[in-house]
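Engineer: what's the 3D shape of this:
(one chain, ligands or ions: 2)
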Amino acid sequence: MKNDTILVTGACGQIGSELVLSLRKIYKNVIASDLKEPSAELKESGEFIRLDALYKNGLADCVKRFNVTQIYHLAAILSATGEKNPEMAWRINMKGLRTILDVSVEAGIKKVFFPSTIAVFGPTTPKINTPQLTVMEPNTIYGISKLAGERWCDWCFQKKGLDVRSLRYPGLISYKTKAGGGTTDYAVDVFFDAVENKKYECFLKEDTILPMMYMPDAIRGTIMLMEAPAEKMSMRSGYNFSGTSFAPKDVAAEIKKTIPDFSMSYKPDSRQVIADSWPQSIDDAVAQKDWGWKPEFDLPLLTKDMIKNIEAMHLV
Ligand code: NAD
Ligand code: SER
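Structural biologist: Ligands and ions are numbered 1, 2, ... in the order given. Purely as a prediction, here's the structure:
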């Protein structure tokens, strides 16, 4: 077991609830923190503290008390919720990150992880195989805050020597914790509704292709990035990070192979406009070259695994 002490903010969310458990297999001390009540699994497998990531004194005290050496800063507001409440999204996403970066520099934290997103791209970005370096004019508050966040991370590396690393996650698909307030949430909800009700009403049009990734790939890639030698990092903003790409009608067809009477209907809402502004597929050649990234799950594989695991949860 490695000796570093890791603090994870926003640990009760979709990513944190799985990332913390994986980190606890590698590191002796992984402190999960959130404003929310943790799951039993998170609470019983290690330290949990209630921590507001916007509150600098509380964060600095926690870093000192536990001798924290690495921070994974997951706490944020996602795209769909952010468009409904832009002030809150800007405050949590920007003030949260600034607080983490300031405390990290002041306390001499060894490494920081910042989750960026495909939402840093906008309608003027090339949509197919979006390159690492390209036009970036996001038109959601979420995307604007994450792009500004990437620039702050790069600045802290250049000017303060902080070892900060970041991934532009696509839509993440998982069965342990449901997605929270994003535009790609349909790709999680559809599997639960398929198993429970054999039907799903999708809030995006049937042919809306978006970049997606299965959670085991996302967790493995995050840990690979953070464990790679610093000299391999050519990007201090956010690495393009690709899994697979599909549209709602593709998921429906794949689910029908296992659940033949499954049906999907479509009722696009305000999230369609957000989805239409994002890329369809991502070129992650730089992540492949710098730290060896390669995804394992395509749509057929992740569909089988999601259905198997959700069915098993219903049997318990
Ligand atoms: P989530 O919404 O599921 O979880 C976020 C957690 O942050 C919640 O548990 C919430 O209680 C907590 N939180 C909010 N404000 C807080 C505060 N002030 N202090 C402490 N905790 C606070 O989000 P997620 O899907 O797990 O995403 C984690 C990170 O990854 C986010 O930064 C998100 O932008 C990014 N990301 C996620 C996806 C995805 O598909 N899930 C894709 C791209 C990027
Ligand atoms: N899954 C996220 C969202 O839809 C992408 O960052 O907001």
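
Engineer: give the next helix or strand downstream of the host helix or strand of residue 159.
Structural biologist: Here residue 159, judged by DSSP states H and E, is contained in helix 141-160. Proceeding N to C from helix 141-160, the next assigned helix or strand is strand 164-169, under DSSP H and E.

Engineer: against which helices or strands is the helix or strand that that following strand is followed by packed?
Structural biologist: Next helix or strand after strand 164-169 toward the C-terminus (DSSP H and E): strand 171-173. For strand 171-173, the elements it packs on are helix 186-197, strand 210-214, helix 215-227, judged by 3 or more Cβ pairs under 8 Å, 6 or more residues apart in numbering; DSSP states H and E. C-beta coordinates here come from the backbone N, C-alpha and C atoms, glycine included.

Engineer: would you format the ones you listed as a markdown table with distance to residue 297 included?
Structural biologist: Below are the helices and strands packed on strand 171-173 laid out as a markdown table (distance: least, Cβ to Cβ, whole Å):
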| stretch | distance to residue 297 |
| --- | --- |
| helix 186-197 | 13 |
| strand 210-214 | 4 |
| helix 215-227 | 5 |
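
Engineer: which one of the ones you listed lies closest to residue 282?
Structural biologist: strand 210-214 (4.9 Å; Cβ to Cβ).

Engineer: return the residues of this protein in contact with ligand 1.
Structural biologist: 9-10, 12-16, 34-36, 52-54, 74-76, 78, 92, 96, 115, 117, 169, 171-172, 179-182, 184 (Cβ under 6 Å from any ligand atom).

Engineer: among the residues you listed, name the ones in helices.
Structural biologist: With DSSP state H as the criterion, helices contain 16, 96 from among those.

Engineer: of the residues of the chain next to ligand 1, list those near ligand 2.
Structural biologist: Contacts with ligand 2 within the residues of the chain next to ligand 1, as defined by Cβ under 6 Å from any ligand atom: 78, 117, 171, 182, 184.

Engineer: residue 287: which of those residues is nearest?
Structural biologist: residue 117 (14.7 Å).

Engineer: list phi and psi for the residue in the stretch 101-250 of the chain that ligand 2 sits nearest to.
Structural biologist: The minimum distance from the stretch 101-250 of the chain to ligand 2, using Cβ to the nearest ligand atom, falls at residue 182 (2.6 Å). Note on residue 182: backbone dihedrals following degrees, to the nearest 10 are phi -100, psi 180.

Engineer: who's the residue positioned nearest the centre of the chain bridged to?
Structural biologist: Residue closest to the average C-alpha location in the chain (Cα atoms, centre = their mean): residue 169, at 5.2 Å. Under the criterion DSSP bridges, residue 169 forms beta bridges with residue 117.

Engineer: what does the pLDDT read for it?
Structural biologist: pLDDT, residue 169: 98.

Engineer: give me every residue that touches it.
Structural biologist: 15, 115-118, 213, 218, 241 (Cβ atoms under 8 Å, 6 or more residues apart in numbering).

Engineer: closest one of the residues you listed to residue 206?
Structural biologist: Closest approach to residue 206 among those (Cβ to Cβ): residue 118, at 20.1 Å.

Engineer: which residues of the stretch 201-316 of the chain fall in strands?
Structural biologist: Under the criterion DSSP state E, counting those that start in this stretch, strands of the stretch 201-316 of the chain are mapped to 210-214, 239-240, 244-246, 263-266.

Engineer: tally of neighbours for the residue nearest to residue 306 when sequence neighbours are not counted?
Structural biologist: Leaving aside its chain neighbours, residue 306 sits nearest to residue 191 (4.3 Å; criterion: Cβ to Cβ, 6 or more residues apart in numbering). Neighbours of residue 191 under the rule other Cβ atoms under 10 Å: 24.

Engineer: follow-up on the earlier one: adding mean pLDDT, write the helices and strands packed on strand 171-173 out as JSON lines.
Structural biologist: Shown next, in JSON lines, are the helices and strands packed on strand 171-173 (pLDDT from 0 to 100):
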{"stretch": "helix 186-197", "mean pLDDT": "98"}
{"stretch": "strand 210-214", "mean pLDDT": "98"}
{"stretch": "helix 215-227", "mean pLDDT": "98"}
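
Engineer: and the ones you listed: which comes nearest residue 30?
Structural biologist: Among the helices and strands packed on strand 171-173, the nearest to residue 30 by Cβ to Cβ is helix 215-227 (11.7 Å).

Engineer: tell me which other helices or strands the closest one touches.
Structural biologist: Looks like helix 215-227 contacts helix 16-23, strand 70-73, strand 111-117, strand 164-169, strand 171-173, helix 285-291 (3+ Cβ pairs under 8 Å, 6+ apart).
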